[in-house]
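S.K.: for reference, the sequence and a predicted model appear below.
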Amino acid sequence: MSSPPSFTFSSPTSSATRRRRKSAFTYKQLSTLAASSTSCPLRVIAHVDLDAFYAQCEMVRLGVPPDQPLAVQQWQGLIAINYPARKFGLNRHVPITEAKKLCPELICQHVATWREGDAKWAYHEDSFKEMATHKVSLDPYRLESRRILALIKEVLPAAPVQRVEKASIDEVFLDLSAQVYRTLLERYPILKGPAPYDDPTEHLPRPPTTALDWAADALVDLDKEETEEDEPDWDDVAMLIGSEIVRNVRNAIFEKLKYTCSAGISRNKMLAKLGSAHQKPNSQTVIRNRAVQQFLSSFKFTKIRNLGGKLGDEVVAAFKTDTVQGLLEVPIERLKKQLGDDTGSWLYSVIRGEDTSEVNPRTQIKSMLSAKSFRPSINSFEVGVRWLRIFVADIFSRLVEEGVLENKRRPKTVNLHHRQGAQTRSKQAPISMGKAVDEDMLFDLAKNLLAQAVADGRAWPCANLSLSLGGFEDGITGNKGISGFLVRGDEARAMLGVPGESNDGGRTETPPLNKRRKVDDGRIGKFFATRHESTGGSEREHELDDEFYQPNETAAVEEEQDAFVPPPSAQRSPPSFDPAESSKAQKSPDTGQTTPANREDVPVILHPRVIDSYFCDRCQQPLPAASTGEHEDWHFAKDLQAQDRDSSAESAAVRPLQPAPRSSMPHNKGRGRGRPPGQTVRAEKGQKRLAFG
Ligand code: CTP
Ligand code: CA
Ligand code: CA
């Protein structure tokens, strides 16, 4: 790696000096770094990904020496291979017998499993023979993932400087901007200003250094027009500081927990993620601004975040290329025409290295899933119920960790999905708000759902069964029960100072919430709304990576879907799967308008000082803005109830339902808290009633 030459001051009158003495960045731009602004040209984002994660978990647990080849086995397949074993040519697709031939000293450690009747998962001897009666548990890896995340958060400065987003079971994004800003000002007090003439649009002075020590970082080659002799600017210095921070984080993870990981450091999430995979294992790659084009042009765009799935395929088909280089030649107008305005513009920017998506520190779980594929299929209610017992135990142990016993968080819905042939069907029930969530209650709900599925007459033979909880939200803690917050009908209107229907019909000029929402072409919003939810792998206990959506996985990886079960229809969709979402397309609830006669039943959650109000177009009345989430959730729960009633009333066979047209799929932004992504609040006209046959 070559370092730039030493910095020399020359005559202040020469034009070369003038160029050199000013940075390309302004005081204002620097100040946006402090706020982790997504438009700041100096921002520093890192992506940290654990090396061969499940395999490392087993090595740490078993105290296996670092150079010992090891793979993680699931039934008859391998799902994670450590780096020493990869030297023998092993990968996830190599069958175990073949793997042992290629690498005789390979340790194959089977994943932990739940055995029917047990209260907890365990590492069972010969569990690979027990596929028919055991269920895989990824809990050990989830627990390690949490320890690592907690350590990362401990090493970094406290929020709001710290911005950490858990992106899957073994990766995080870090927005290091605010911390880098702090360090920049400490090391280079000159940056504190004030700006000349107090004008924030003035350019900063150049960094008073040119020799940046990149230590052991892998530096990506520079763009064609750049040379290492070009003096560094503040973006290079910012990257260097970011890289130091990441090195410290990685060292701490290794020192304290004995895990190695790789990292990418760059100006946005997309580049950082490509960077972490650039040189594995145990190294970090910096992609400086001046190296972005060079770096990106070597990729197939299908490797880029959000372009791995359906959208990527669509782009390949439309423009007959899968390379970034090839796509750079396509004018923005053509991209927009083919893909819609939003997706077209997004793609145009992304292949040029621009990505303003934020690092989202939300870490709360939104749903949990436990599932099992059956080979051979199962055929009776009794057997199904036995599996439900295991699912409930599995999920409940995770609920306890989420603080459900203390009512810190609670789920709102239970969903059962069952697959018969290529069809996956779902049943859903609300979890009643008044009761404590416990194992027996969940088991009863699950059993009822299975009974409904059986009554529909399409349950057997069942190839896959899963149970999920959704709509997690903060529980009410303290001594005030939910009823203390509920005020009904006229009382609520009186407290709000809102005229009742008798005055003006309760109408206002404010358009209903869902009409005000921006509707795009139905692609980008969907991709990002859902991606947003799922990049918080943290938000789902069934962390999903892009990889899980690749078709034709080996049997091992498909069995991995013991824990992750996209139905066949979801396997090629964008990198987010929510069973509730997929069922939504089939089961859009009938949401007839609430009539004035039953308006009094609408609970309104009042807050001591109501300042803003919003208009609920389903109740045709204004409500306190602060209760929007709760109120929409109330409708949601009502819809589910109605839907439940409908489905038990119409116990005749349900024909597979048509998904709603794309344009009618609302996006998740601004929805009530905790609603499964994409869950419709109301059905579109003309498809209110489902296609029962
Ligand atoms: N995983 C899986 N099935 C897949 C993809 C991933 O079971 N189709 C599991 C792997 O076992 C892995 C973990 O999810 O340990 C994280 O996946 P990933 O980061 O893609 O791979 P690693 O095994 O961590 O390897 P790498 O060093 O390349 O990141
Ligand atoms: Ca990994
Ligand atoms: Ca990963």
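M.R.: Right, received. Where do you want to start? Ligands and ions are numbered 1, 2, ... in the order given.

S.K.: tell me which parts of the stretch 151-300 of the chain are close to ligand 1?
M.R.: For the stretch 151-300 of the chain, the contact set with ligand 1 under CB under 6 Å from any ligand atom comprises 170, 280-281. Where you see a C-beta, it was placed from the backbone N, CA and C, and this is true even at glycine.

S.K.: one more time with 8 Å, if that's ok
M.R.: Counting by CB under 8 Å from any ligand atom, the positions of the stretch 151-300 of the chain adjacent to ligand 1 are 168-171, 262, 277, 280-281.

S.K.: buried ones among those residues?
M.R.: 168-171, 262, 280 (16 or more other CB atoms under 10 Å).

S.K.: between those, which is nearest ligand 2?
M.R.: Nearest to ligand 2 among these: residue 170, at 4.5 Å, using CB to the ion.

S.K.: in contact with that closest one, which residues?
M.R.: 49-50, 53, 141, 145 (CB atoms under 8 Å, 6 or more residues apart in numbering).

S.K.: ok, and of those, which contact ligand 2?
M.R.: 49-50, 53 (CB under 5 Å from the ion).

S.K.: helix, strand, or coil at the residue in the stretch 51-200 of the chain that ligand 1 sits nearest to?
M.R.: Minimum separation of the stretch 51-200 of the chain from ligand 1 (CB to the nearest ligand atom) falls at residue 80, amounting to 3.2 Å. Secondary structure assignment for residue 80 (DSSP: H, G, I helix; E, B strand; the rest coil): strand.

S.K.: contacts only, for it.
M.R.: 52-55, 71-72, 92.

S.K.: buried sites along the host helix or strand of residue 184?
M.R.: Per DSSP states H and E, residue 184 falls inside helix 177-187. Neighbour counts over helix 177-187 (16+ other CB under 10 Å) mark 177-181, 183-185 as buried.

S.K.: and if you look at stretch 200-218?
M.R.: Buried-residue list, stretch 200-218, by 16+ other CB under 10 Å: 202, 204, 206-207, 209-210, 212, 214, 217-218.

S.K.: ok, then the element right after the helix or strand containing residue 344?
M.R.: In this assignment (DSSP H and E), residue 344 forms part of helix 341-350. As assigned by DSSP H and E, the chain's next helix or strand after helix 341-350 is strand 368-378.

S.K.: who is the nearest residue to residue 367 once chain neighbours are set aside paired with across the strands?
M.R.: Excluding its sequence neighbours, the residue lying closest to residue 367 (CB to CB, 6 or more residues apart in numbering) is residue 470, at 4.4 Å. Per DSSP bridges, the residues bridged to residue 470 are residue 413.

S.K.: doesn't residue 365 make contact with residue 470?
M.R.: No: with contact defined as CB atoms under 8 Å, residue 470 does not reach residue 365; the gap is 10.2 Å.

S.K.: if you count what's nearby, which of the two comes out ahead?
M.R.: When residue 470 and residue 365 are compared for neighbours, residue 470 comes out ahead with 25 against 20, by other CB atoms under 10 Å.

S.K.: where's that one relative to residue 445, distance?
M.R.: 13 Å (CB to CB, to the nearest Å).

S.K.: do residue 405 as well
M.R.: Distance, residue 405 to residue 445, using CB to CB: 18 Å.

S.K.: the more surrounded of these two?
M.R.: residue 445 (25 against 13).

S.K.: leaving out sequence neighbours, find the closest residue to residue 51.
M.R.: residue 281 (3.7 Å).

S.K.: which residues sit in contact with that neighbour?
M.R.: Taking CB under 8 Å, 6+ apart as the contact definition, residue 281 lies against 51-52, 83, 260, 262.

S.K.: let's see 7 Å
M.R.: Residue 281 makes contact with 51, 83, 260, 262 under the criterion CB atoms under 7 Å, 6 or more residues apart in numbering.

S.K.: tell me the secondary structure at residue 231.
M.R.: coil.

S.K.: ok, it to ligand 2 distance?
M.R.: Per CB to the ion, to the nearest Å, residue 231 is found 36 Å from ligand 2.

S.K.: give me the pLDDT value at that residue.
M.R.: On pLDDT, residue 231 comes in at 86.

S.K.: how many neighbouring residues does it have?
M.R.: 17.

S.K.: then residue 126?
M.R.: Neighbours of residue 126 using other CB under 10 Å come to 7.

S.K.: state the distance from it to residue 81.
M.R.: 21 Å.

S.K.: and this structure, split by domain according to the record?
M.R.: The chain is divided into the following domains under automatic domain parsing: 20-49+143-288, 53-137, 299-363, 367-474, 480-510, 525-566+584-634.

S.K.: just the contacts of residue 80 now: which is nearest residue 285?
M.R.: When these are compared for distance to residue 285 (CB to CB), residue 52 comes out closest, at 17.6 Å.

S.K.: what is the neighbour count of that closest one?
M.R.: 23.

S.K.: and the closest residue to it other than its chain neighbours, what's its pLDDT?
M.R.: Spatial nearest neighbour of residue 52, excluding adjacent residues (CB to CB, 6+ apart): residue 82 at 4.6 Å. Note on residue 82: pLDDT of 98.

S.K.: what does the one 10 residues further on give?
M.R.: Predicted confidence (pLDDT) for residue 92: 95.

S.K.: that one is in contact with residue 74, isn't it?
M.R.: No: using CB atoms under 7 Å, residue 92 is not in contact with residue 74, being 10.2 Å away.

S.K.: give me the more crowded residue out of these two.
M.R.: Neighbour totals were compared for residue 92 and residue 74, and residue 74 leads with 25 against 17 (other CB under 10 Å).

S.K.: run a quick neighbour tally on residue 45.
M.R.: Count around residue 45 with other CB under 10 Å applied: 29.

S.K.: quick check on it: phi, psi?
M.R.: Residue 45 adopts backbone torsions of phi -120, psi 140, taken as degrees, to the nearest 10.
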